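**Student:** pasted the sequence and its predicted model underneath.
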Amino acid sequence: MDVKYINPFLAGLKNILNNFDPGDIKVGNLQKKENMNINMDITAVVGIIGDIKGNIAYCLNKDTAKKIVSAMMEGTEVTEIDQLARSAISELSNMITANSSAIFYKSGIHLDITPPSLIIGSDIYLIISSVQTVAVDMVTPFGKIEINIGLEV
Amino acid sequence: MDPRLYSPFLDSAKNILKQMANIEIKERGNFYCEEDDVKSLGVSCIVSFSGKINGRLLLDLKPSLAVQVAKNLTGIDYPSPKDFMVLASISELNNTIAGDGITVLNNQHSLSLRLAPPIVFTGTDSLICTPKFPQVSLDFTTDFGDMKLNIAFDEEDI
């Protein structure tokens, strides 16, 4: 997958998370996803339509999610992934993807995004694209977030 | 939620399960408001859409039904739903149901809805959450296991 389709999502995540904690966010491992198993607790998926089509899945563990939601709520302690926390994670995935679509727009690629869905469970085997999926580990001050970019490109 | 928003998906689901997978589905009761998050029956497929309003269609199946759908589509017996071809079959099924449903909505109500590609998964004790969206569900029985159709939109009315 051409990096021009990957970089906006990495930048979107950095831009949005930097609003909550201006720490160092690094790009870790990047690979074509061959094994569709999800090893993390929570996955937020947003659909992409327009000049390119696909889905973006943000995967994170509960501890990372609690830290991010706490930062989103100005430091309020978050002890469980309740309805409010789920709503916050959903909104986070929406904001990241919307920010990414604004970056795409600047390079002439017009996208709309669809509503996020959250998947919480174990032993998840998830397919977000029938064409190709690239998985990128983002190492953040809150913990690791795996961005799965599944696009028909 | 306005029934005009979700009823096209019922007709689509019944027709397409029959035409594509040769499976009869029978409603258990009527559509009901889903207050909480949806507990997956085992295999779940989501097609999300965007237009003048936004929403998503969730097709949720027992693993036994999912493998039967795949068998009817491909002629192959699958020992488990955790198989790319089983999930691809469910994906194709839900994509067709969603496409059929939004065509009706677009033709009748000019909603300009467009679909994102499906996502499909299997897991253990999985929960599917679509926060802040009104949603309705309808449960079905089949000869091969239960099924649920769940429709969420960000608007209650057309």
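**Tutor:** Yep, that arrived.
**Student:** tell me the contacts of B:Gly51?
**Tutor:** The neighbourhood of B:Gly51, defined by Cβ atoms under 8 Å, 6 or more residues apart in numbering or on different chains, consists of B:106, B:111-114. In this view, the C-beta of every residue, glycine as well, is placed from N, C-alpha and C.
**Student:** looking at those, spot the one nearest A:Glu152.
**Tutor:** B:Arg114 (13.4 Å; Cβ to Cβ).
**Student:** hmm, B:Cys45 is touching B:Val120, no?
**Tutor:** Yes: shown here, B:Cys45 and B:Val120 form a contact pair, counting by Cβ atoms under 8 Å, at 4.2 Å.
**Student:** more neighbours: which of these two?
**Tutor:** Neighbour tally, B:Cys45 and B:Val120, criterion other Cβ atoms under 10 Å in any protein chain shown: the higher count belongs to B:Val120, 29 against 26.
**Student:** for the record, mean pLDDT for the helix or strand hosting the more buried one?
**Tutor:** Using DSSP states H and E, B:Val120 maps to strand B:119-129. For strand B:119-129, the mean per-residue pLDDT is 96.
**Student:** partner strands of it and their direction?
**Tutor:** strand A:117-127 (antiparallel), strand B:38-39 (antiparallel), strand B:43-50 (antiparallel) (DSSP bridges).
**Student:** picking up where we left off before, okay, and the common contacts of B:Cys45 and B:Val120?
**Tutor:** B:87, B:90-91, B:94.
**Student:** chain A next: which of those are close?
**Tutor:** Contacts with chain A within the shared contacts of B:Cys45 and B:Val120, counted by Cβ under 8 Å from any Cβ of the partner chain: B:87, B:91.
**Student:** quickly compare the strands paired with strand B:119-129 and say which is most buried.
**Tutor:** Burial of the strands paired with strand B:119-129 is given as mean neighbour count (mean count of other Cβ atoms under 10 Å in any protein chain shown); strand B:43-50 ranks first at a mean of 27.
**Student:** so who does the spatially most central residue of chain A touch?
**Tutor:** Centrality entry for chain A: nearest residue to the mean C-alpha point is A:Tyr58, 3.0 Å, by Cα atoms, centre = their mean. A:Tyr58 sits next to A:13, A:43-45, A:92-93, A:96, A:145-148 when contact means Cβ under 8 Å, 6+ apart.
**Student:** confirm that it sits in a strand.
**Tutor:** Yes: counting by DSSP: H, G, I helix; E, B strand; the rest coil, A:Tyr58 is found in a strand.
**Student:** related to what we said a few turns ago, could you turn the buried ones of the contacts of B:Gly51 into a ChimeraX selection?
**Tutor:** In ChimeraX, this line selects whichever of those come out buried by 16 or more other Cβ atoms under 10 Å in any protein chain shown:
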select /B:111,113,114
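**Student:** could you export the contacts of B:Gly51 as JSON lines, including pLDDT and distance to chain A?
**Tutor:** Listed next are the contacts of B:Gly51 as JSON lines, based on pLDDT from 0 to 100; distance: Cβ to the nearest Cβ, whole Å:
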{"residue": "B:Asn106", "pLDDT": "98", "distance to chain A": "14"}
{"residue": "B:Leu111", "pLDDT": "96", "distance to chain A": "13"}
{"residue": "B:Ser112", "pLDDT": "97", "distance to chain A": "10"}
{"residue": "B:Leu113", "pLDDT": "97", "distance to chain A": "10"}
{"residue": "B:Arg114", "pLDDT": "97", "distance to chain A": "5"}
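**Student:** list the ones among the contacts of B:Gly51 that fall in helices.
**Tutor:** Within the contacts of B:Gly51, residues falling in helices by DSSP state H are B:Asn106.
**Student:** any idea how far stretch A:83-93 is from the chain center?
**Tutor:** 12 Å (Cα atoms, centre = their mean, to the nearest Å).
**Student:** with just CA atoms, put it into CSV.
**Tutor:** Output of stretch A:83-93 as CSV, limited to C-alpha atoms (Å, rounded to 0.1, in the frame of the first residue of the first chain):
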residue,chain,number,x,y,z
GLN,A,83,-20.9,3.5,28.6
LEU,A,84,-19.3,6.9,29.0
ALA,A,85,-15.8,5.5,28.3
ARG,A,86,-17.1,3.6,25.2
SER,A,87,-18.7,6.8,24.0
ALA,A,88,-15.4,8.6,24.4
ILE,A,89,-13.3,6.0,22.6
SER,A,90,-15.9,6.0,19.8
GLU,A,91,-15.7,9.8,19.5
LEU,A,92,-11.8,9.6,19.6
SER,A,93,-11.8,7.2,16.6
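**Student:** great, nothing more from me.
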